[in-house]
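Trainee: Let's see this in three dimensions:
(one chain, ligands or ions: 2)
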Amino acid sequence: MSSAERLPWIAEDPVSKRLLEIARKVSEASTTLLITGESGTGKDHFARLVHELGPRRDAPFLKIDCASLPPHLVESELFGHERGAFTGAVERKLGRLEMAGAGTIVLDEVAALDAGGQGKLLRVVQERVFERLGGTESLRIEARLMALTNANLQAAVAAGRFREDLYFRLNVLTIAIPPLRERGADILPLAESLLGTLRMVHGKPNAQLSEATRRMFGAYAWPGNIREMRNVLERAVLFSDGGLLEPGDFPESLRAALGGGVMLGRLRSLEEIEREAIAATLEATRYGISKSAEILGISRKTLLEKRKKFGLK
Ligand SMILES: Nc1ncnc2c1ncn2[C@@H]1O[C@H](COP(=O)(O)OP(=O)(O)OP(=O)(O)O)[C@@H](O)[C@H]1O
Ligand SMILES: [Mg+2]
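Mentor: Residues are numbered from 1 along each chain as shown. Ligands and ions are numbered 1, 2, ... in the order given. I've put the predicted structure just below:
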C-alpha cells in the first residue's frame, strides 16, 4: 500500500484543501511545528501527513504522549538514559530524540509537560542538543519536532503554567486545524471514507448511510469532531444488520440535530434544504413519485425535474 492510500486526507472543503497545501509546503522545511485544534480534529493525522509528504517520509515517525506519561518518564522517553541514571536503569536506553534519526518526533499534548520537561524541551528546541539522563555526551538532534495541543497555550502562559520562552519557540510555525463544523463540505466525504474502512474491518460490505442519516450528519455540529464521527459510525456498523444505517442506529445527540430543522446545526441554503426534503420524501415513500409529489405539494412533473436537477435516484 502506498502512503497515500494509508493516509487519506479528505479535503472537500476549501478550508481543508488549504490545509493540504500548507502541509505540502511545510513538509519541505525542518522548522518546529505547532499544531493546534480541538479534540478529534485531526492533529495527529495532519502531523503524519506532513511527515509523509516530505523528505523525512522514510525515516521514523515517533510520538510521545506528554499527558499520559509521568514527568520523569517523559524525559527518559525523550532523552534516553545511561545505565545507572536512576533506580531501575539497568542498562543504557536510547530516547526517541535519538531513535527518530532524521525523522519526526511528535510531542502530543505538549501543554501537559511539567516545568522540568518544559525547561529541557526549550534547550532542545533552541540549541538542538541534549544529553541522555545521567550522561554527559551532548547529542545533536536531526529529527523534526512537532508539538500538538488542544489546550490554548497562550492562556496557559498567561496562567503561569507554560513557559513563555518555550511558547515563543514553538509558535514559529503554527497550524490551526479548524473544527469539523467550520468545514461542512468535509462531513459527508469523511463519513464515506471512514465507513469504507469500517465496512472492511467489520465485514459489512453493504453498510450504507441512508438519506436521512446523511441529512443528520450534515446538520449535526460534531463537538467531538472526526474522532466522534468515527466512533458513532463504528458503533452503528458493529450493531447493524449490514444494510442501511438509519438515524435510529446513532446516539440521541445526533438525532436531535434532525428535529430542529433549519436552525439547528449549520445553516444551509434553501436549495440544499429543498434537495434534502425531496430526497427524504422519496426514500420514505420507497421512491413513489405520485406519493412523494402529493406529500411535497408539487406536481409529478416538477418533482421529476427537481429529482433530475439534484441528481437523486
Ligand atoms: N482529513 C482527514 N481525512 C481522513 N481522516 C481524518 C482526517 N482528519 C482526521 N482523520 C481521522 O480522524 C480521527 C481523529 O484524528 P486525530 O487522532 O488526528 O485527531 P486529534 O486532533 O489528534 O485528536 P485528539 O485531540 O483527541 O488527540 C483519526 O481516526 C484520523 O485518522
Ligand atoms: Mg491526538
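Trainee: What distance do you get for the nearest residue to Val90 once chain neighbours are set aside to ligand 1?
Mentor: If you skip the residues right next to it in sequence, Val90 has Arg83 as its closest partner in space, 6.6 Å away by Cβ to Cβ, 6 or more residues apart in numbering. Where C-beta positions appear, they are placed from N, C-alpha and C, glycine not excepted. Arg83 sits 34 Å away from ligand 1 when distances are taken as Cβ to the nearest ligand atom, to the nearest Å.
Trainee: Might one say that Arg83 is in contact with Arg92?
Mentor: Yes - under the criterion of Cβ atoms under 8 Å, Arg83 is in contact with Arg92, at a separation of 5.1 Å.
Trainee: Name the surrounding residues that touch stretch 192-212.
Mentor: For stretch 192-212, the surrounding residues in contact (Cβ atoms under 8 Å, 6 or more residues apart in numbering) are 8, 10, 188, 191, 217, 226, 229-230, 233-234, 237-238, 240, 242-247, 258, 276, 279-280, 282-283.
Trainee: Go again with 7 Å.
Mentor: When contacts are defined by Cβ atoms under 7 Å, 6 or more residues apart in numbering, stretch 192-212 is touched by residues 8, 10, 191, 229-230, 233-234, 237-238, 240, 242-247, 279-280, 283.
Trainee: Go through those and flag which are in helices.
Mentor: Ala191, Met229, Arg230, Leu233, Glu234, Val237, Leu238, Ala279, Ala280, Glu283 (DSSP state H).
Trainee: Now the two most distant members of the residues you listed.
Mentor: Spanning the widest gap among the ones in helices among the contacts of stretch 192-212 are Leu238 and Ala279, at 26.4 Å by Cβ to Cβ.
Trainee: the more surrounded of those two?
Mentor: Ala279 (21 against 13; other Cβ atoms under 10 Å).
Trainee: For Glu91, see how far away the residue nearest to Val90 is.
Mentor: For Arg83, the distance to Glu91 equals 5 Å [Cβ to Cβ, to the nearest Å].
Trainee: Which one's more surrounded, these two?
Mentor: For Arg83 versus Glu91, neighbours defined as other Cβ under 10 Å are more numerous around Arg83 (12 against 8).
Trainee: what residues are up against that one?
Mentor: Under the criterion of Cβ under 7 Å, 6+ apart, the neighbours of Arg83 are Ala89, Val90, Glu91, Arg92.
Trainee: By neighbours, which of these wins?
Mentor: Across the contacts of Arg83, neighbour numbers were computed from other Cβ under 10 Å; Ala89 holds the maximum, 17 neighbours.
Trainee: Tell me the pLDDT of that one.
Mentor: pLDDT, Ala89: 86.
Trainee: How about the residues of this protein by ligand 1?
Mentor: The interface of the chain toward ligand 1, taken as Cβ under 6 Å from any ligand atom, is made up of 8-10, 37, 39-45, 150, 190, 193, 226-227, 230.
Trainee: how about the strands of the stretch 201-313 of the chain, start to end?
Mentor: Under the criterion DSSP state E, counting those that start in this stretch, the stretch 201-313 of the chain contains strands at 208-209, 244-245.
Trainee: what's the most buried one of those strands?
Mentor: Neighbour counts averaged per stretch over those are highest for strand 244-245, at a mean of 20; criterion: mean count of other Cβ atoms under 10 Å.
Trainee: Packing partners of that strand?
Mentor: Contact partners of strand 244-245 among helices and strands, from 3 or more Cβ pairs under 7 Å, 6 or more residues apart in numbering; DSSP states H and E: strand 208-209.
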